[in-house]
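1. Sequence and predicted structure, then a few things I'm wondering about:
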Amino acid sequence: MTGRQELAGIPPQTLLFGPGVGLDSLAGTLLLRQVRARFGVDVAAEDLNLDALATLATLAAFIEERRAGGPDMRPGGPADAEHAAGGAVPDAQGAAPDAGGGTS
């Protein structure tokens, strides 16, 4: 997507800004434009803190989730409330969703 061949094999947990890939604000803006054009996902509109741009893995997960019709990250939406709370939001009965994925 960037045209930089040396980035083709970067590990998923590599930071996109600063050490790692070393994107600057202009490159980040261009990346956001490419993501929107290629995948139809407007990261800047849906992730106001731009946490999705932390690593290649977080960006890929964000895109995949949105393309699959994932959480509503609009300001005030349910996933936005979860994000702001730093974790799972309790359901209507006050119980947090099972994050372990196991059975009780």
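-> In hand now; what should we look at?
2. Pull up the gap between the nearest residue in space to Leu53 that is not next to it in sequence and Arg67, please.
-> Once flanking residues are discounted, Leu53 sits nearest to Leu16: 5.5 Å by C-beta to C-beta, 6 or more residues apart in numbering. Every C-beta, even on glycine, is put in place using the N, C-alpha and C of the backbone. Separation of Leu16 from Arg67 (C-beta to C-beta, to the nearest Å) stands at 19 Å.
3. do the same with Leu30
-> 20 Å.
4. Repeat that for Leu48.
-> Taking C-beta to C-beta, one finds Leu48 at 20 Å from Arg67.
5. Please apply the same query to Phe39.
-> Distance from Phe39 to Arg67, by C-beta to C-beta: 6 Å.
6. These two: who's more crowded?
-> Phe39 (14 against 11; other C-beta atoms under 10 Å).
7. and the residue nearest to the more buried one when sequence neighbours are not counted, how many residues sit next to it?
-> Spatial nearest neighbour of Phe39, excluding adjacent residues (C-beta to C-beta, 6+ apart): Ile63 at 5.1 Å. By other C-beta under 10 Å, the residues close to Ile63 number 18.
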